[in-house]
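Student: Pasting the sequence and the predicted model now:
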Amino acid sequence: MIRGGGHAGALRFLLTKTVKFILVLATTLLGLIAVTFFIGRVVPIDPVLAIVGDRAPPHVYERARQELGLDRPLAEQFVIYVKKAVTGDFGNSVLTTNPVMTDIMNTFPATLELATLGTLIGVFVGVPLGVLAAVRRGSWIDQLVRLLGLVGYSVPIFWLGLMGLLLFYAKLGWVEGPGRLDVTYSYLYTPVTGVVLIDTLMQGQMDAFWNAVSHVALPACLLGYFSLAYISRMTRSFMLNELAQEYVIAARVKGLSEIRVIWRHALRNAAVPLVTVIALSYANLLEGSVLTETVFAWPGLGQYITNSLQNADMNAVLGGTLIIGTVFVLLNLLSDLLYHLLDPRTRR
Amino acid sequence: MTGAPLVQQPSGARAWLLSPEPASRWQARLGRFYLGWRAFSKNPLAVLGLGVVLLLILVAIFADLIAPYSPIIGGNLRTERLLPPSAAHWFGTDDLARDIFSRVVYGSRTTLWVVMLVAIIATPIGLAMGTVAGYLGGWVDTVLMRITDIFLAFPRLILALAFVAALGPGIDNAIIAIAITSWPPYARIARAETLTIRNSDFIAAVKLQGASTPRIILGHVVPLCLSSLIVRVTLDMAGIILTAAGLGFLGLGAQPPMPEWGAMVATGRNYLIDQWWVAAMPGAAIFVVSLGFNLLGDGLRDVLDPKAAK
C-alpha cells in the first residue's frame, strides 16, 4: 500500500524473494543430503562386503574400502558426498549396474506421467465439485465432497488399487491389467520422451496408444481420486471464504448473473490459494506413487526404490529418495513463489 | 476444598458440573469436560468414530477371547487352504490355512501398538522442539525450525522407507521410522501456539516471580499447547496407520508370521483374482479403523479448537 511504484515494488520484491528462495533451497537441499548421508552411514550392511564378498582376503577388502573412500574422516566423506550429489552422481546401482542417475532418468517419466494425469483429473473434477459444494452448502453435493474427502483420507491406497484391479480388470474386463503396455506393442515405438502416451501418439501408433491408455486408466483414476478428494475439500473451504466477502455482494447488487459472480469473481480469488493446494497434491502423488506403482507393476521411480530396497541396494534407494525429496522441495517453494506472484496483498 | 460440593440434590450432578462457581479445580475441570462431551456427543459421526476406536481397543485387549483360531498356526494345509468366507471361517482362510478373522483380530494389537508408540515418541519431540523454538526465539528458533523444515520437506513414506532400509525391516524399526517422520507438524503447531502465549501478561507475571525458563515452558506453555496438539495427533493417527500398513505391504514392517494388516494385504495380492477375500478383509479393517480415527479427530477438533472448524 505505502510503496509507490507498483512495478518497481513488484520487481524489488521478486528480487529479494528470489534470493531468499535460493537460500532456503540451498539449506534445505543440504539438509536432505545430510539426512540421506546419515542414513547411508547407519546402514548395518557393510558396503565393502557387498562388493568383495565375505571371503575376500584382508588386502582386497582394505583396497576396496579405500577406493570407496570409507577410510577417510566422516566430515571429509560428507564433503565428497555433497560434491557428488550436487552433480547428480549417486554411484552405481548394485542391482542394474547402471549409474543410479541413469536409472532414475529412465524411470522418472513413468512416475511423472501417472502423477500428472492424476493431478489433471483432480483439478478438472475436484475444483468444480468443490465450488458446487460451497455454493449449495448442505446439499447432497456438499455431503458427497465431505464423504469423498473422508474416504480419501482413510482408505489405504494400495488396497483400493487392488480392489480396483479385481473389479475393473478381473471381473468386468474394462481396463488392462498391471504394466504400462502389452508386450505385443512394446517394440512398435521408439522411446523419446519416456512417456508412452506421448511417444506412441507422436509416432502414429494408435493401437499402442489405446493400449497404453487402457493400462494407465485405472492407476491414473486411483491417483486422481486421492487428488480430487483433497482438492475439492480445499476448494470448498476457499470458496466459502470468498463468497462471504463484500465484493460478492457488490457484484450481485450490480446485477451480475449468479454464474458470473461465482465462476468469474469468487473462483478467481479462490484460485490463488488453490495453486498451492494443487502443487502440494502433485507432490503428494509423487509420494503415493511408491505404493501405486508396486500394485500396478508400473516401472516408475517408486517401484525402482522399492525394488532396490528389497535388494539392499542403498545407492539406488538414497539417490531415489534424494530426487523425490528435491522435487518435493522445489514444488513447495514454487507454489510459495506463485502465491506471492498471484496475490499482491502478500507482498509486504 | 473437598467437602463443600458433596451435598447434592438427586438431580444435582449436572448442576454441580455446570456450576458457575466451582469450589475446586477438580470440579471446574470435570465441568469443562462435561461441556466438551455434550458438544462432542451432539455429532453422531464423531461418536461413531469414538465407537470404532473403542472397539479397536477392546478387540486388541480381548483378542485371545474373540479369535476362534490361532493367528499363527494354520489348519490342515490340504483341506483348509484359501477357503471362502463361511460360518466356520468368517473371513475365509489364507494360503497357510490360517483363519483370516483371527489374524485380523490379532492384527488390531499390532496396529494399536504402532499408533500408541508413535504418538508417545513423536509428540514429546514435536512439543519440545516447538515450545523451545517459539519461547526462546532468535537463533534457536531459526535453527530448530530449519531442521523441522528439512524433515517436512521429505515425503513421509519415502523418508520412512529410507530409514527402514537403513535400520532393517521389522515392526520396531518401522515405528521408529514413522515417529521420526511424524514430529515436524507437531513442532510447527506447538511453536505457533507458543508464539501467541509467550507475550501474554500471565507469562510476564510468572517471569517476575522468578520462574526459570524450563519451568515456564514446562509448567505454563506446554499445557496450553496440548489441546491443539492432541487434536492434531488424533487426526494423524489415521495417517500413521496408513503409513505403517504401507510399510507392511512393501514387506518392511512387521515380519511374518506376525499378523499385520498391511502385510496380510500383500499376501492376498498373489491370490487376488480367485481368492479375493485374502486381500479384501485385512484392507477393510485398515480402512474402518483409520476412518474411525479421522471421524474422532474431526469431532475432537470441533470441540477443542472451534476456530479451526469450518
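Tutor: Everything's here; your move. Numbering: from 1, shown residues only, chains lettered A, B, ... in the order given.

Student: check contacts around the residue nearest the centre of chain B.
Tutor: Among the residues of chain B, the smallest C-alpha distance to the mean C-alpha position (C-alpha atoms, centre = their mean) belongs to B:M237, namely 3.6 Å. Residues counted as contacts of B:M237 (C-beta atoms under 8 Å, 6 or more residues apart in numbering or on different chains) are B:V115, B:A119, B:S290, B:F293, B:G297. The way it works is simple: take the backbone N, C-alpha and C, and place the C-beta from them, glycine included.

Student: Could you count how many residues lie near the nearest residue to A:E242 once chain neighbours are set aside?
Tutor: Sequence neighbours aside, A:A266 is the residue nearest to A:E242 in space, at 4.3 Å (criterion: C-beta to C-beta, 6 or more residues apart in numbering or on different chains). For A:A266, the neighbour count with other C-beta atoms under 10 Å in any protein chain shown is 25.

Student: likewise A:V151?
Tutor: Using other C-beta under 10 Å, the number of residues around A:V151 comes to 16.

Student: SS state for it?
Tutor: Here A:V151 is recorded as helix under DSSP: H, G, I helix; E, B strand; the rest coil.

Student: Return the residues in contact with B:H220.
Tutor: B:H220 makes contact with B:I197, B:F202, B:I203, B:V206, B:A211 under the criterion C-beta under 8 Å, 6+ apart.

Student: Any chance you could list what contacts stretch B:81-98?
Tutor: By C-beta under 8 Å, 6+ apart, stretch B:81-98 touches B:69-77, B:80, B:99-101, B:103-104, B:264, B:267-268, B:270-271, B:275, B:277-278, B:281.

Student: again, 6 Å this time
Tutor: With C-beta atoms under 6 Å, 6 or more residues apart in numbering or on different chains as the test, stretch B:81-98 has contacts from B:G74, B:G75, B:L77, B:E80, B:D99, B:I100, B:F101, B:Q275, B:W277, B:V278, B:M281.

Student: Give the burial count for the first one, as a bare number.
Tutor: Other residues near B:G74 number 19, with proximity taken as other C-beta under 10 Å.

Student: And it, what's its pLDDT?
Tutor: We note a pLDDT of 79 for B:G74 in this prediction.

Student: For the closest residue to chain B within the stretch 51-200 of chain A, give its distance to B:T93.
Tutor: Shortest the stretch 51-200 of chain A-to-chain B distance, computed as C-beta to the nearest C-beta: residue-wise this is A:W159, at 3.3 Å. Distance, A:W159 to B:T93, using C-beta to C-beta, to the nearest Å: 19 Å.

Student: Please list all residues in contact with the spatially most central residue of chain A.
Tutor: The geometric centre of chain A, computed from its C-alpha atoms, lies nearest to A:L286 (C-alpha atoms, centre = their mean), at 2.8 Å. Contacts of A:L286 were listed using C-beta under 6 Å, 6+ apart, and they are A:A115, A:I324.

Student: What score does it have for pLDDT?
Tutor: 80.

Student: same thing with A:R347?
Tutor: What the model reports for A:R347 is a pLDDT of 65.

Student: re the thing from before, can you confirm the residue nearest to the centre of chain B is in a strand?
Tutor: No. Judged by three-state DSSP, B:M237 forms no part of a strand; its state is helix.

Student: That one and B:F62: what is the separation?
Tutor: 21 Å.

Student: what about the helices in chain B?
Tutor: Here chain B has its helices, by DSSP state H, at B:12-17, B:25-41, B:44-61, B:63-66, B:100-136, B:138-153, B:156-167, B:171-197, B:201-208, B:213-216, B:222-249, B:261-269, B:277-304.

Student: Make CSV out of those and add mean pLDDT.
Tutor: Putting the helices of chain B into CSV (pLDDT from 0 to 100) gives the following:
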stretch, mean pLDDT
helix B:12-17, 78
helix B:25-41, 83
helix B:44-61, 92
helix B:63-66, 88
helix B:100-136, 92
helix B:138-153, 85
helix B:156-167, 82
helix B:171-197, 90
helix B:201-208, 90
helix B:213-216, 89
helix B:222-249, 87
helix B:261-269, 90
helix B:277-304, 89
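
Student: Redo the ones you listed as JSON lines? Include distance to A:D54.
Tutor: Listed next are the helices of chain B as JSON lines, based on distance: least, C-beta to C-beta, whole Å:
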{"stretch": "helix B:12-17", "distance to A:D54": "69"}
{"stretch": "helix B:25-41", "distance to A:D54": "60"}
{"stretch": "helix B:44-61", "distance to A:D54": "42"}
{"stretch": "helix B:63-66", "distance to A:D54": "42"}
{"stretch": "helix B:100-136", "distance to A:D54": "34"}
{"stretch": "helix B:138-153", "distance to A:D54": "36"}
{"stretch": "helix B:156-167", "distance to A:D54": "20"}
{"stretch": "helix B:171-197", "distance to A:D54": "24"}
{"stretch": "helix B:201-208", "distance to A:D54": "60"}
{"stretch": "helix B:213-216", "distance to A:D54": "50"}
{"stretch": "helix B:222-249", "distance to A:D54": "29"}
{"stretch": "helix B:261-269", "distance to A:D54": "30"}
{"stretch": "helix B:277-304", "distance to A:D54": "38"}
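
Student: Return the residues of the stretch 101-250 of chain B in contact with chain A.
Tutor: Of all the residues in the stretch 101-250 of chain B, those in contact range of chain A (C-beta under 6 Å from any C-beta of the partner chain) are B:150, B:153-155, B:157-158, B:162, B:165-166, B:238, B:242, B:245-246, B:249-250.

Student: What values do phi and psi take at the most far-flung residue of chain B relative to its centre?
Tutor: Most distant from the centre of chain B: B:R78, at 40.8 Å, with distances by C-alpha atoms, centre = their mean. In terms of degrees, to the nearest 10, the main-chain angles of B:R78 are phi -80, psi -40.
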